[in-house]
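# coords please:
(3 chains)
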Amino acid sequence: MHNKSVAELSKELESGKISSVELTQQFLDRLKSEDGKYNSFITISEEQALAEAKAADAMRAAGKATAWTGVPFAHKDIFCTNGVRTTCGSKMLENFVPPYDATVTANFKAAGAVCLGKTNMDEFAMGSSNESSFFGAVTNPWGDKRVPGGSSGGSAAAVAARLVPAATGTDTGGSIRQPAALCGITGLKPTYGRVSRYGMIAFASSLDQGGPMTRTAEDAALMMNVMAGFDPKDSTCIDREVPDYTATLNEPLKGLKIGLPKEYFSEQLSPAMEEQVRNAVREYEKLGATVKEVSLPNAKLAIAAYYVIAPAEASANLSRFDGARYGYRCDNPKDLMDMYTRTRAEGFGNEVKRRILVGSYALSAGYFDAYYLKAQKVRRLIQQDFINAFKEVDVMMSPVSPSPAFVQGEKTTDPVTMYLEDVFTIAINLAGIPAISVPAGFVDGLPVGLQIIGDYFSEARLLNAAHQFQQVTDWHQREPQ
Amino acid sequence: MSISREDIEKVAVLARIKVDDEQVSALEKDLGNILDLVDQLSAADTEAVEPMAHPLDAVQRLRADEVTETNQREAFQAIAPATEDGLYLVPKVIE
Amino acid sequence: MQWDIVIGLEIHVQLATKTKIFSGSSTAFGAEPNTQANAVDLAMPGTLPVPNEQAFRYAVMFGLATNAEIGRRSVFERKNYFYPDLPKGYQTTQLAQPIVGPGHVDIDLSDGSTKRVRIHHAHLEEDAGKSLHEDYHGMSGIDLNRAGTPLIEVVTEPDMNSAEEAVAFAKKLHSLVTSLGICDGDMSQGSMRFDVNISLKPKGSDTLGTRTETKNLNSFRFMEQAIAHEVERQMDILEDGGEIIQETRLYNGDRDESRSMRSKEEANDYRYFPCPDLLPVEIDDSFIEEARARLPELPDARRARFKEQYGLNDYDAGILSADAKLAGFFEETVEHGKDAKLASNWVQGEFSARLNAEEKSVAEAPITGAQLGALVTRIADNTLSSSGAKKVFEALWTGENDNVDAIIEAKGLKQVSDTDALEAMVDEVLAGMPDQVAQFQGEEDPKKRKKMLGGFMGPLMKASKGQGNPKLFNEILLRKLGG
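Numbering: from 1, shown residues only, chains lettered A, B, ... in the order given. As a prediction, the model looks like this:
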């Protein structure tokens, strides 16, 4: 069962060959015995999962089943789950059990899905290797001592290792796509505003977006059917019709115009990686697509703009973690200032502290114009590049990361080295457009991802393109040993 | 661009994060590297470019003025570090 | 040296919405601590703000009433600082693009002149919670019920030059927002709070001096005292050759003392930036027109109408029109009491005095305008003497009885206006006081005659058991005595 996709499990449940309680128990048993190797979960919520499975079976018996009813999955530990610990990978929230659900969490509950637990992640989603988690690093199932990418590293590793068929992720600068690529799975970052951010612990509000992490594009479409949609609780969520993302998966790709941004095939990309990506593009040509080179002249400024905007927003978003109302509080504070400064010094890890300090600095008197305002202007230039390119092509294709999964500890000495890991993904968040990472080959036995970038609200087209590719390739079916 | 120890100490106070001398030294290097990266921005010609705060040119929706919340103090205070008589307790506030 | 006083005000006005500015929690005053603080108000992880339409409507109404430009596109920003009553670690407020732009308010001064005070802008923001300083094992208690209550902060230009002008402006603003119905105006509950910016400059100089800000004054009296206190403090410093430090000060009204709040201001750098959880708010013509249609009669217009419709003088009309609730009470009294002048006297006199004495607001008054109107009717038609009227008022106020006529009946307060009966009483009294009658008739001085006439009234009132109509007694006496 553990090798089956969400679509397949859904059919098994529908046929009555297995109940959700049985299926859930099988997945829980496997998860408990296997995850020691990966550390991909922070919390396994066995009791709640079995209760949800029981409810799912009842839901099915009552004739109210959806495609998700009774199907196990996991949430990145950034989505608040009522009654289940939600840590965001931080000591600050080590014992935080929210009395409320994120909208995404509530949507999966309403569909009858069974959440097995909460997956590991970089602390407050700040990282590209999952090494900044307070709950320890995650191991990539494809290679001992290799990072799974980040920040949704736990979700990616769990899906790759067949511990769950699907998991939620969030993507602020590449946090769904890069770990998906490094773990050989499929990951979609939707258009900003497509998925509610309510109850999804904020890193950078204008960039964060939740999305699916699955083995197949079809499963990602099934997840999007649950995740996407308007939420009156999120002011930045867009009130726009949600299509059935599975309905257009089989559309032919003949005539699809693909653009290859020349800036994304630069010297940062190793020749071996480039070869895999170009091979994947050739598959699309075989499916009837046409390919041309496009240019994103300001893309090279994306990392710089991002490392002003994201830390600036984060510096304010993380001020609420002050030890007063919930979460960690230092022992025996001698006064108010001591409570604040020690709680935050002890509760946050180094990367989080660095980003809060950079963000506070960029917003402080005398630097606001040179940093924050300038970055916002560059952000518009970057967005304009994409708008212009989409006048010529339907989608763009590029690598996801400059190299495959690297060895743990390799990029932790200088934060900037780690930041460059997101060089091909970050501009997409700044523009707010959707992009999907699809397994597209291997280099040295490690998975390589293809990034397909679409215009605003073109998730259905991206899923269609990914699905068609997965009909003619089997990279996404490869299983780590 | 480099950042001075004084700037780091100042910004750490603003952000309410305690840093010791050793950490300030490490931060001097790390934040200096990050700011060097960020300084690429200064090369961009942004004359007459409108700052972009949001990816989508959407307008704020407004909510009807209707009470939708009920008292959940017990649930919220069950996860609080210190409470008494329904109040959150913090070290003495001096105005 | 002679000094010019320069005063600017920042006024926090709590909006009378049902719910908070960014959440659906109730804003009702007086609830148990933290029972009206939900996940959003507590800044629980992942929670997000959604703005309240009514807060915008009220702010637009304020803008229209102060002749201001309405911000067609307003933007919320985050003002970053740590304080236990500020759950998110930033206050969501407006800075560069507020909802209300430049406007003005005209104030009346005691010398009869009118002065225009310019409003720089007014912006929407969220209120903070409260820190309770009672000792909880050496700790403070935080109540976040107030956190997120919508405020408009009104910022004036430094157009006022005396405590009188500042207080007149504050009272005018109070009158305006209560008339608009956008604020309950209850200062004792913090519904309006004033920050006063004060500086001095040598008389006639064009250069503004260094200013101080005195924060959180919540009564007109404290505001007046605080200004007097701060002006004196600055004058002393300047005349001793010292310099004013730009700082925030806290005024203690009970002790008439102030002190610097520098501790709080130290190293403050608020790092404002647009709130990424909120989008720009666009106000279109239809929203503005709908708000305009809701504008009630404003105090200046009401004052003019009271003069016109009820024949009140400017002073009475001014007092009765300033407060919307008092104005409403007055109009209800007139409606049931016919005689506007008499109604005005009773509303401003006995009624207001009683409210003041018991520290009650008009809304808390135990009597209605209709009851006072019925009382006024019985005064006007001579049923009640003024002393009888006071007894009826007392009975109404204490709730002894709610019907004026029933009280008059029960207490036997009806004046005797039957001329024959009164005449008989006069005859009897005069017969018993021959010496005084002779004295009166022999007196030439009208003043003394008037005083002597009063000497007959006591026995007459006694004879009538207090129910004789004094006016009629007077007429009969004069006739009988040949006055």
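# Put the alpha carbons of the worst-scoring helix or strand of chain A on mean pLDDT into CSV.
Least confident helix or strand of chain A, by mean pLDDT, DSSP states H and E, is helix A:415-419 with a mean of 91. What follows is helix A:415-419, C-alpha atoms only, in CSV (Å, rounded to 0.1, in the frame of the first residue of the first chain):
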residue,chain,number,x,y,z
PRO,A,415,24.6,31.7,5.4
VAL,A,416,25.1,33.3,2.0
THR,A,417,26.2,30.0,0.4
MET,A,418,23.0,28.5,1.6
TYR,A,419,21.0,31.4,0.2
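# Could you point out the helix or strand that follows that helix?
Tracing the chain past helix A:415-419, the next element assigned as helix or strand by DSSP states H and E is helix A:426-431.
# Not counting its own residues, what contacts that next one?
A:171-174, A:189, A:192, A:207, A:209, A:296, A:299, A:302-303, A:305-306, A:309, A:379, A:382-383, A:385-386, A:434-435, A:453, B:55 (C-beta atoms under 8 Å, 6 or more residues apart in numbering or on different chains). C-betas here are computed from N, CA, C, even on glycine.
# Repeat that for stretch C:83-92.
Contact with stretch C:83-92 is made by A:316, A:319-320, A:322, A:324-325, A:336, B:88, B:90, B:93, C:21-22, C:41-43, C:49, C:76-82, C:125-126, C:128-131, C:140, C:142, C:144, C:147, C:275, C:278, as judged by C-beta under 8 Å, 6+ apart.
# residue ranges of the helices in the stretch 201-350 of chain A, please?
A:217-227, A:271-286, A:302-317, A:336-347, A:350-363 (DSSP state H, counting those that start in this stretch).
# and the ones you listed as JSON lines, adding mean neighbour count, distance to chain B and mean pLDDT?
Putting the helices of the stretch 201-350 of chain A into JSON lines (neighbours: other C-beta atoms under 10 Å in any protein chain shown; distance: least, C-beta to the nearest C-beta, whole Å; pLDDT from 0 to 100) gives the following:
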{"stretch": "helix A:217-227", "mean neighbour count": "27", "distance to chain B": "18", "mean pLDDT": "98"}
{"stretch": "helix A:271-286", "mean neighbour count": "16", "distance to chain B": "22", "mean pLDDT": "97"}
{"stretch": "helix A:302-317", "mean neighbour count": "27", "distance to chain B": "4", "mean pLDDT": "98"}
{"stretch": "helix A:336-347", "mean neighbour count": "21", "distance to chain B": "4", "mean pLDDT": "97"}
{"stretch": "helix A:350-363", "mean neighbour count": "25", "distance to chain B": "5", "mean pLDDT": "97"}
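# Which one of those helices lies nearest to C:Lys360?
Nearest to C:Lys360 among these is helix A:336-347 (39.0 Å), distances taken as C-beta to C-beta.
# so what does the closest one touch, helix or strand wise?
strand B:87-91 (3 or more C-beta pairs under 8 Å, 6 or more residues apart in numbering or on different chains; DSSP states H and E).
# Provide the strand pairings for the strand it packs on, with the direction of each partner.
Note on strand B:87-91: by DSSP bridges, its sheet partners are strand B:83-84 (antiparallel), strand C:139-143 (antiparallel).
# Check which element follows the longest one along the chain.
Per DSSP H and E, the first helix or strand lying C-terminal to strand C:139-143 is strand C:150-156.
# Done for today, thanks.
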